[in-house]
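Engineer: Any chance you can model this:
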Amino acid sequence: MILFERNKIKITDTINAYFPDFPYKNITIKNLLNHTAGLPKYFWVAEHKWKKNKAPTNSEMMQLLTATKVNRFFKPGRNFDYSNTAYFVLASIIEKVSGTSFSNFLDKNIFEPLGMKNTYVYSYQNDVVKKNQLTGYRLYRGWKHIKIGNNVNDAVVGDKNVYSTIDDLFRWTNGLNTGKLLTKESLELMYSKGETIYGRKVPYGLGFRIDKNEKNIYHYGKWNGFSTGLSNYIEDDLVVIVLEHTSYNAIKSLNRKIKKIVTKHLDV
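Structural biologist: Coordinates of the predicted model:
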């Protein structure tokens, strides 16, 4: 959306405008942003088609998708299906258009302007573990927590690998809502439900999930033992952020409980 406002891209542009050889045609940036692209899961492609010992980077993953031409789930615009592939492709487009890495682009255009000093895009191959960086765990036999190791999908960015804190995530949410990053018009576009080519509304805007009554703009995530949740209750002027690293499976329920406690006791 930052590139869109700078007239560097159009959300109606297709992937092929930036990657001519990409095998899945007629997929727009908007399809990628609201998960109506129908792309195959890159997790599966990397796990079954990648032959090297090191994890593939974004550019290598783009090349692998182009070479393998794994069947997509549906033609663009027909359905809604959450896609990690869509977000790594978006990050690849950002790199192509901006001429810099996804990490550098976020640093210069989001993290630094908003004072997010404890946030960065983790590079699996280049970054060492930083101070206070947590490890993800999984629960074994209901009581023992075991560290989760690396896997072949760890090096791809765009869908994951942003390390942050609750304070910085609040700065990011507040920066969005107060116009420090984008115009009000762009934000309204991001916070509005998408739709299929058949006119059916989908519970997703451009980068955010949207609940039924559109009073909560939110997103949850999971990776290697980490469970995350950020809910932006627009009308209540309330943001609830939960970061957890033991494969916790009830982030949505916990989020609602926190909101209930805050609403009851802090007069929100």
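
Engineer: drop to CA atoms for contacts and neighbour counts, all remaining ones
Structural biologist: Fine.

Engineer: what about the stretch 101-250 of the chain, any weak spots by pLDDT?
Structural biologist: The model of the stretch 101-250 of the chain has pLDDT under 70 over residues 124-130, 214.

Engineer: one more time with 90
Structural biologist: Along the stretch 101-250 of the chain, the model assigns pLDDT under 90 to residues 122-136, 138-143, 148-151, 154, 211-215, 224-225, 235-236, 246-250.

Engineer: quick one: the strands in it?
Structural biologist: 120-121, 137-140, 144-147, 162-163, 194-195, 201-202, 209-210, 216-223, 226-233, 238-244 (DSSP state E, counting those that start in this stretch).

Engineer: Among those, which comes closest to A46?
Structural biologist: In terms of Cα to Cα, the element of the strands of the stretch 101-250 of the chain nearest to A46 is strand 216-223, at 15.9 Å.

Engineer: Run through who's touching that closest one.
Structural biologist: If you take Cα atoms under 8 Å, 6 or more residues apart in numbering as the criterion, strand 216-223 is touched by 160, 191, 208-211, 227-234, 247, 251-252.

Engineer: ok, back up a step: can you lay out the strands of the stretch 101-250 of the chain as CSV showing distance to Y18 and mean neighbour count?
Structural biologist: Formatted as CSV, the strands of the stretch 101-250 of the chain follow (distance: least, Cα to Cα, whole Å; neighbours: other Cα atoms under 10 Å):
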stretch, distance to Y18, mean neighbour count
strand 120-121, 23, 18
strand 137-140, 38, 16
strand 144-147, 39, 12
strand 162-163, 24, 14
strand 194-195, 23, 23
strand 201-202, 27, 18
strand 209-210, 27, 23
strand 216-223, 28, 17
strand 226-233, 31, 20
strand 238-244, 35, 18
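
Engineer: would you list these in CSV and tack on distance to F111?
Structural biologist: Shown next, in CSV, are the strands of the stretch 101-250 of the chain (distance: least, Cα to Cα, whole Å):
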stretch, distance to F111
strand 120-121, 8
strand 137-140, 27
strand 144-147, 29
strand 162-163, 11
strand 194-195, 27
strand 201-202, 30
strand 209-210, 22
strand 216-223, 19
strand 226-233, 17
strand 238-244, 18
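
Engineer: Quick one: residues contacting T12.
Structural biologist: 28-30.

Engineer: Helices along the stretch 151-268 of the chain, start to end?
Structural biologist: Using DSSP state H, counting those that start in this stretch, the helices of the stretch 151-268 of the chain run over 166-177, 184-190, 251-265.

Engineer: just how off-centre is the longest one within its chain?
Structural biologist: For helix 251-265, the gap between its own C-alpha mean and the chain's C-alpha mean amounts to 24 Å (Cα atoms, centre = their mean, to the nearest Å).
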